[in-house]
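>>> Predicted model and sequence follow; I will ask about them next.
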There are 2 protein chains.
Amino acid sequence: MARTQGSHSELTAPRIRAAALKLFARHGYAAVSMRQIAKDVGLQAGALYNYTPDKQSLLAELMRAHMEDLLAARAEAASAQLAPLEALAGFVRFHIGFHIERPEEVFIAYMELRALEPDNFADIEALRRRYEDELEAILRRGAAAGVFAVEDPKIATLAVIAMLTGVNTWYRAGGRLSLEEVEEIYWGMVRRAVGA
Amino acid sequence: MARTQGSHSELTAPRIRAAALKLFARHGYAAVSMRQIAKDVGLQAGALYNYTPDKQSLLAELMRAHMEDLLAARAEAASAQLAPLEALAGFVRFHIGFHIERPEEVFIAYMELRALEPDNFADIEALRRRYEDELEAILRRGAAAGVFAVEDPKIATLAVIAMLTGVNTWYRAGGRLSLEEVEEIYWGMVRRAVGA
DNA sequence: GTCTATAAAACGATAGAC
DNA sequence: GTCTATCGTTTTATAGAC
């Protein structure tokens, strides 16, 4: 039961990730020092390097984990093959719900792409592209079936995702609208926007 | 005609702003040093302080100028009082056109808000709010007249602006679609989204 | 108005004791 | 695994010569 010096590492790694996540989201990757992260965790700066080879890897791992969480959650939510209208409704609600639950990860994933070195950037972009393809496939299916009227499925995909992700810029739990009401309002706008 | 030492200051100020704009947009405010900006202009770092009291003011002035340009251009474009449908079409085309012409300013204005000190942040936020109010007023007028079906004009405002500003993340001049085609596609989505 | 030089502090990352 | 200490570099900003 008694812990000796340095024995609680299995708790330290997630605490470092949590501190980096919070500070990167709040101040930006470039503006946050390793010393600030260490102080937030209660360590000296040098100790961080037992958990990450460098600052860049810490950022890249946060972003990779977020994108993989997103794809895994989406794969589960979309396991059933639905008609285009129901599939689109499911995507809209999934996207809003998932993103609202993780405002810090979402903020970093969209704002710190330019802070990634080329290899990390390519990895994260590929994951993001896979996610966008999920929505694009729904819109193409619906357009082919004649239930959606989208002039350009790729642009409609990007437009819908931009609109939905924008919820994160203003929604606050406990505000005027519940999450369910927000999802309903956005679903209405998306449904009409794609001519369904 | 011959210039003596230090005589070309009237050209230096805009060159500093242009360099800061380019570098802040590309790498982020915190990641750009005064030395980098000076090198881009062809100066030593200390010379920049003849033009700005500090780095923060340089960012704040870039953002303020952008927001004031936006409001002035919008005021001119919207000088005529139109019916809600035509006013909305005008706003959509104005927003896309203005933002596409200034990708660096737009990127900074959205990404570097957190880098602003509190007083500067409040100033910029107030300007942004004035711009959003222009669209909200159009949506409220249209809803009151029964030509739009928006459940919540404030949320619809934020949703439309997020969607339109998202064009900047993917549009490149010379690509598959002309700017006019893009404006037309987005106008179609916005028009349907608001139930017009 | 720009230069060189520098002050004072902070940066990422490492070495070695424990 | 974390500490103290430090290396080598870079940072913002200023001082004073020209």
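It's in.
>>> ok, and the helix or strand in chain A with the lowest average confidence?
The helix or strand of chain A with the poorest confidence is helix A:9-27; it has a mean of 94 (mean pLDDT, DSSP states H and E).
>>> how about the helix or strand following it, does it reach chain B?
Following helix A:9-27 in sequence order, the next helix or strand is helix A:34-41 (DSSP states H and E). No: on the criterion CB under 8 Å from any CB of the partner chain, helix A:34-41 is out of touch with chain B, staying 12.4 Å away. All C-beta spots, glycine's among them, are computed from the backbone N, C-alpha and C.
>>> What is helix A:34-41 packed up against?
Judged by 3 or more CB pairs under 8 Å, 6 or more residues apart in numbering or on different chains; DSSP states H and E, helix A:34-41 is in contact with helix A:9-27.
>>> May I see the buried residues of the helix it packs on?
Using 16 or more other CB atoms under 10 Å in any protein chain shown as the test for burial, helix A:9-27 gives A:Thr12, A:Arg15, A:Ile16, A:Arg17, A:Ala19, A:Ala20, A:Leu21, A:Leu23, A:Phe24, A:Ala25.
>>> what does stretch A:146-156 give?
Judged by neighbour count (16+ other CB under 10 Å), stretch A:146-156 contains these buried residues: A:Phe148, A:Val150, A:Asp152, A:Pro153, A:Lys154, A:Ile155, A:Ala156.
>>> Kindly identify which of those also come near chain B.
When CB under 8 Å from any CB is applied, the members of these adjacent to chain B are A:Asp152, A:Ile155, A:Ala156.
>>> Can I get these in JSON lines including pLDDT and secondary structure?
Formatted as JSON lines, those follow (pLDDT from 0 to 100; DSSP: H, G, I helix; E, B strand; the rest coil):
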{"residue": "A:Asp152", "pLDDT": "97", "secondary structure": "coil"}
{"residue": "A:Ile155", "pLDDT": "98", "secondary structure": "helix"}
{"residue": "A:Ala156", "pLDDT": "98", "secondary structure": "helix"}
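>>> and the residues you listed as a markdown table, adding distance to DNA strand D?
Output for these, formatted as a markdown table (distance: CB to the nearest atom of the strand, whole Å):
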| residue | distance to DNA strand D |
| --- | --- |
| A:Asp152 | 42 |
| A:Ile155 | 38 |
| A:Ala156 | 41 |
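>>> For DNA strand C, tell me which of the residues you listed show up nearby.
For DNA strand C, no contacts are drawn from these by CB under 7 Å from any atom of the strand.
>>> now, among the residues you listed, which is nearest to B:Glu125?
A:Ile155 (29.8 Å; CB to CB).
>>> tell me the contacts of the spatially most central residue of chain A?
Nearest residue to the geometric centre of chain A (CA atoms, centre = their mean): A:Val106, 4.0 Å. A:Val106 is in contact with A:His66, A:His99, A:Thr165, A:Asn168, counting by CB atoms under 8 Å, 6 or more residues apart in numbering or on different chains.
>>> Nearest to DNA strand C among the ones next to chain B among the buried residues of stretch A:146-156?
Nearest to DNA strand C among these is A:Ile155, at 38.4 Å by CB to the nearest atom of the strand.
>>> Excluding chain neighbours, give the residue nearest to the closest one in space.
In space, and not counting its chain neighbours, A:Ile155 is closest to B:Ile185: 5.6 Å by CB to CB, 6 or more residues apart in numbering or on different chains.
>>> The one you found contacts A:Lys154, correct?
No: counting by CB atoms under 8 Å, B:Ile185 does not reach A:Lys154; the two are 10.4 Å apart.
>>> quick one: the host helix or strand of A:Tyr131 near DNA strand C?
Using DSSP H and E, A:Tyr131 falls within helix A:118-145. No: using CB under 7 Å from any atom of the strand, helix A:118-145 stays clear of DNA strand C, coming no nearer than 13.1 Å.
>>> Next, count neighbours for A:Glu117.
11 (other CB atoms under 10 Å in any protein chain shown).
>>> okay but it is in contact with A:Gln56, surely?
Yes: if you go by CB under 8 Å, A:Glu117 and A:Gln56 touch, sitting 5.9 Å apart.
>>> got the residues of chain A near chain B?
Neighbours of chain B within chain A, by CB under 8 Å from any CB: A:26-31, A:111, A:114-115, A:151-152, A:155-156, A:158-163, A:165-166, A:169-170, A:177, A:182, A:185-186, A:188-190, A:192-195.
>>> what distance separates the helix or strand hosting A:His95 from the middle of the whole chain?
Assigned by DSSP H and E, A:His95 belongs to helix A:84-101. Here helix A:84-101 shows a centroid-to-chain-centroid distance of 13 Å under the convention CA atoms, centre = their mean, to the nearest Å.
>>> Just the CA coordinates for it, please, in CSV.
Extracted C-alpha coordinates of helix A:84-101, given in CSV (Å, rounded to 0.1, in the frame of the first residue of the first chain):
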residue,chain,number,x,y,z
PRO,A,84,-30.4,8.7,-46.0
LEU,A,85,-32.7,11.0,-44.1
GLU,A,86,-32.3,9.0,-40.8
ALA,A,87,-28.6,8.6,-41.4
LEU,A,88,-28.2,12.4,-41.8
ALA,A,89,-30.3,13.1,-38.7
GLY,A,90,-28.1,10.6,-36.8
PHE,A,91,-24.9,12.2,-38.0
VAL,A,92,-26.1,15.7,-37.0
ARG,A,93,-27.0,14.6,-33.5
PHE,A,94,-23.8,12.6,-33.2
HIS,A,95,-21.6,15.4,-34.3
ILE,A,96,-23.1,18.0,-32.0
GLY,A,97,-23.2,15.7,-29.0
PHE,A,98,-19.6,14.3,-29.4
HIS,A,99,-18.1,17.7,-30.0
ILE,A,100,-20.0,19.5,-27.2
GLU,A,101,-18.7,16.9,-24.7
